[in-house]
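> Kindly return the folded structure for what I paste below:
(chains A and B)
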2 protein chains.
Amino acid sequence: MLKAVSIPISRTISRYSKLISSSCDRFGSFRGPLQSPANLTKRKLVTDLKSQTRFSSSANTMAKSALVLIADGSEEMEFVITVDVLRRANINVVAASVNSAGPHIECSRGINIVPDLPLDEAIKKGPYDIIILPGGLKGAETFAKDAHVGKLLQQFEKEGKKVAAICAAPTALKQHGVFKETKLTSYPSFKDELSAGGYPYSDDNVVVSGNLITSKGPSTAFEFALQIVEELEGAEAASNVAKGLLLPR
Amino acid sequence: MLKAVSIPISRTISRYSKLISSSCDRFGSFRGPLQSPANLTKRKLVTDLKSQTRFSSSANTMAKSALVLIADGSEEMEFVITVDVLRRANINVVAASVNSAGPHIECSRGINIVPDLPLDEAIKKGPYDIIILPGGLKGAETFAKDAHVGKLLQQFEKEGKKVAAICAAPTALKQHGVFKETKLTSYPSFKDELSAGGYPYSDDNVVVSGNLITSKGPSTAFEFALQIVEELEGAEAASNVAKGLLLPR
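Next up, the predicted model:
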């Protein structure tokens, strides 16, 4: 299902990007290579993805990549904080819409966001190092019902890859029967449902259990995103991004 | 410049909205009246705005309204957190694009957001109780250069109305010569510029000086937005929203 399309970039470019993107505002419009597919047409995205492979000849470093799902009713803060923080860490993020007919996603508080690609097209651009599910009840319900999302989650678990979910989204893990009996957290109102589903429940803001990263809600989204950065790029990278956010870590 | 179009809603509806929107996920897709103009066509928005006045006959409560600016290069977390948190408090938010040609705004980390209206059309839907400027260097530069934004800020200051700015955006206040000699804060890298411009500088996360509310950056955006809620709707409203965000206040 997931085709192999590697997206390496040079270590030099990656380090330079990290250096200057650590400041929130002075370089607010800077993004490293491949970090802004949202404004590209699909054709241009493909071209740019291919062009980046030129950097691979002189580097052993692979840029990490993340597939972030979004659907109507997704919590916009949880989605945006996650994508923004990961891009500050030079992680290649593709925001993929699930079961959406329109050109944009209507999030839970009425903010409309243009996804990078529909999920089926985003999958073709893989593989990804992590799949991330933001919260928002209606969006999480869509993730829980969608067979493609279920197949992806099962595949990621089987291949020993990372999965992250916040707020209402851990319920989609239960629905698709993945990461069974793995400790997790969620928005508190889903504690009973997840506990009854056999998931040992934690009240911590962020829980890392093997390849599963979960978190509680909007105000823990920064911690959630920084933990994902730490899991993918290491503690120093997370610390550097946190400094730019003015968030001691 | 600002026409008077009042948007009152009934106290009953307002209370009900507050009650059920305090939960982040269970009612993730709920929004009170007028809280989701982003998905409406301009014509539909106008119709809906007018239809809401029907509620005014049985209520003395005026819903508060906020004009939030957005431009290419705006910091998407600061924009989204502010709009989302204010809508959770049942404040009527209009997200107005400044100097944008396209159908959506490309934010600082490549997330594309569809604004509610261009600024000139949004102004006609006023008056607003507050004007809010998110950060992001390029977006803040656009706000600083735009004559309409300058006129609005000067008008708000003259009329004793509230203005809020975060991160790089306080530099736009200096550029337009408003709130001179008023204590403020910003992203730390603008401290020297603002101090030299005659603004007493504070290192606090959020600073309220009369009608001016300022804040430092992405990680202080929740505090910033909740302070705006407190200024417009009171401490209890801010506390209720904070609970839904899982943010003790």
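
> shaky segments in chain A?
A:1-61 (pLDDT under 70).

> Show me the helices in chain A, by range?
A:11-21, A:42-51, A:76-88, A:119-124, A:137-145, A:147-158, A:170-175, A:191-196, A:221-233, A:235-244 (DSSP state H).

> Show me what the last one is packed against.
In terms of contacts (3 or more CB pairs under 8 Å, 6 or more residues apart in numbering or on different chains; DSSP states H and E), helix A:235-244 is packed against helix A:11-21, helix A:76-88, helix A:221-233. In this view, the C-beta of every residue, glycine as well, is placed from N, C-alpha and C.

> Taking helix A:76-88 as reference, get the angle to that helix.
Interaxial angle of helix A:235-244 relative to helix A:76-88 (axes from the mean of the first three to the mean of the last three CA atoms, to 10 degrees): 120 degrees.

> what about dumping the CA coordinates of helix A:235-244 to CSV?
Extracted C-alpha coordinates of helix A:235-244, given in CSV (Å, rounded to 0.1, in the frame of the first residue of the first chain):
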residue,chain,number,x,y,z
ALA,A,235,16.0,15.7,22.7
GLU,A,236,18.3,18.5,21.4
ALA,A,237,16.2,19.1,18.4
ALA,A,238,13.1,19.3,20.6
SER,A,239,14.9,21.6,23.0
ASN,A,240,15.9,23.9,20.1
VAL,A,241,12.4,24.2,18.8
ALA,A,242,11.0,24.8,22.3
LYS,A,243,13.4,27.7,22.7
GLY,A,244,11.9,29.3,19.6
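
> for it, which positions count as buried?
Residues A:Ala237, A:Ala238, A:Ser239, A:Asn240, A:Val241, A:Ala242, A:Gly244 are the ones in helix A:235-244 that count as buried (16 or more other CB atoms under 10 Å in any protein chain shown).

> Run a quick check on the third one versus A:Arg249, I expect a contact.
What it means is A:Ser239. Yes - applying CB atoms under 8 Å, one finds A:Ser239 in contact with A:Arg249, separated by 5.3 Å.

> coming back round to it: tell me which of the helices and strands packed on helix A:235-244 sits most buried.
helix A:76-88 (a mean of 30; mean count of other CB atoms under 10 Å in any protein chain shown).

> Now tabulate the helices and strands packed on helix A:235-244 in CSV and tack on distance to B:Ala63.
CSV is the format used below for the helices and strands packed on helix A:235-244 (distance: least, CB to CB, whole Å):
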stretch, distance to B:Ala63
helix A:11-21, 39
helix A:76-88, 21
helix A:221-233, 27
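
> Out of the ones you listed, which is closest to B:Pro118?
helix A:76-88 (21.0 Å; CB to CB).

> what angle separates the closest one from helix A:137-145?
Using the same axes, to 10 degrees: helix A:76-88 against helix A:137-145 is 70 degrees.

> And helix A:76-88, what does it pack against?
Looks like helix A:76-88 contacts strand A:65-70, strand A:92-97, strand A:112-114, helix A:221-233, helix A:235-244, helix B:76-88 (3+ CB pairs under 8 Å, 6+ apart).

> Next, the angle from it to strand A:92-97.
Going by the same axes, to 10 degrees, helix A:76-88 makes 150 degrees with strand A:92-97.

> Neighbours of A:Ser219, how many?
When neighbours are defined as other CB atoms under 10 Å in any protein chain shown, A:Ser219 has 20 of them.

> picking up where we left off before, may I see the helices and strands packed on helix A:76-88 organised as TSV, with distance to B:Ser108 added?
Shown next, in TSV, are the helices and strands packed on helix A:76-88 (distance: least, CB to CB, whole Å):
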stretch	distance to B:Ser108
strand A:65-70	17
strand A:92-97	14
strand A:112-114	14
helix A:221-233	15
helix A:235-244	11
helix B:76-88	6
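
> Tell me which of those lies nearest to A:Asp204.
helix A:221-233 (9.7 Å).

> so does that closest one get close to chain B?
Yes - Helix A:221-233 reaches chain B (CB under 8 Å from any CB of the partner chain) through A:Phe222.

> Show the secondary-structure elements that that helix is packed against.
Looks like helix A:221-233 contacts helix A:76-88, strand A:130-133, strand A:162-166, strand A:206-209, strand A:212-215, helix A:235-244 (3+ CB pairs under 8 Å, 6+ apart).

> Roughly how far does the residue nearest to A:Ser202 when sequence neighbours are not counted sit from B:Ile166?
In this structure, A:Ser202 finds its nearest non-sequential neighbour in A:Thr185, 4.8 Å apart by CB to CB, 6 or more residues apart in numbering or on different chains. For A:Thr185, the distance to B:Ile166 (CB to CB, to the nearest Å) stands at 29 Å.

> Could you do A:Asn211 as well?
Counting by CB to CB - A:Asn211 and B:Ile166 are separated by 36 Å.

> Of those two, which one has the most company?
Just comparing A:Asn211 and B:Ile166: by other CB under 10 Å the higher neighbour count belongs to B:Ile166, 34 against 17.

> Quick check, that one in contact with B:Leu212.
No - counting by CB under 8 Å, B:Ile166 does not reach B:Leu212; the two are 11.8 Å apart.

> Between the two, which contacts overlap?
Listed contacts common to B:Ile166 and B:Leu212 are nil; contacts here mean CB atoms under 8 Å, 6 or more residues apart in numbering or on different chains.

> My guess is A:Gly197 contacts A:Ala172. True?
No - between A:Gly197 and A:Ala172 there is no contact under CB under 8 Å: 11.6 Å.

> the more surrounded of those two?
Taking other CB under 10 Å, A:Gly197 and A:Ala172 do not tie; A:Ala172 has more neighbours (24 against 17).

> any idea how far that one is from chain B?
Using CB to the nearest CB, to the nearest Å, A:Ala172 is found at 12 Å from chain B.

> can you check A:Gly198 too?
According to CB to the nearest CB, A:Gly198 stands 21 Å off from chain B.

> Contacts only, for the residue nearest to that residue when sequence neighbours are not counted.
Spatial nearest neighbour of A:Gly198, excluding adjacent residues (CB to CB, 6+ apart): A:Glu181 at 5.5 Å. Contacts for A:Glu181 (CB under 8 Å, 6+ apart) come out as A:Gly198, A:Tyr199, A:Pro200.

> Scan those and report the most crowded one.
Going by other CB under 10 Å, A:Tyr199 tops the contacts of A:Glu181 with 25 neighbours.

> Show me what the closest residue to it other than its chain neighbours is bridged to.
In space, and not counting its chain neighbours, A:Tyr199 is closest to A:Leu184: 5.2 Å by CB to CB, 6+ apart. Beta bridges link A:Leu184 to A:Tyr201, judged by DSSP bridges.

> How many residues are close by A:Leu184?
By other CB under 10 Å, 24 other residues sit near A:Leu184.

> and the nearest residue to A:Gln175 once chain neighbours are set aside, how many neighbours does it have?
Distances taken as CB to CB, 6+ apart place A:Ala144 nearest to A:Gln175, at 3.8 Å, with adjacent residues excluded. A:Ala144 has 18 neighbouring residues, counting by other CB under 10 Å.

> surely A:Ala144 meets A:Ala172?
Yes - the criterion here is CB under 8 Å, and A:Ala144 meets it with A:Ala172 at 4.2 Å.

> on that earlier part again, I'd guessed the residue nearest to A:Tyr199 sits against A:Ser195; true?
No - the criterion here is CB under 8 Å, and A:Leu184 misses it with A:Ser195 at 10.0 Å.

> anything in contact with each of those two?
A:Tyr201.

> ok so, going back, contacting residues for the residue nearest to A:Tyr199?
A:Ala165, A:Pro170, A:Leu173, A:Leu194, A:Tyr199, A:Pro200, A:Tyr201, A:Ser202, A:Val207, A:Ser209, A:Leu212, A:Thr214.
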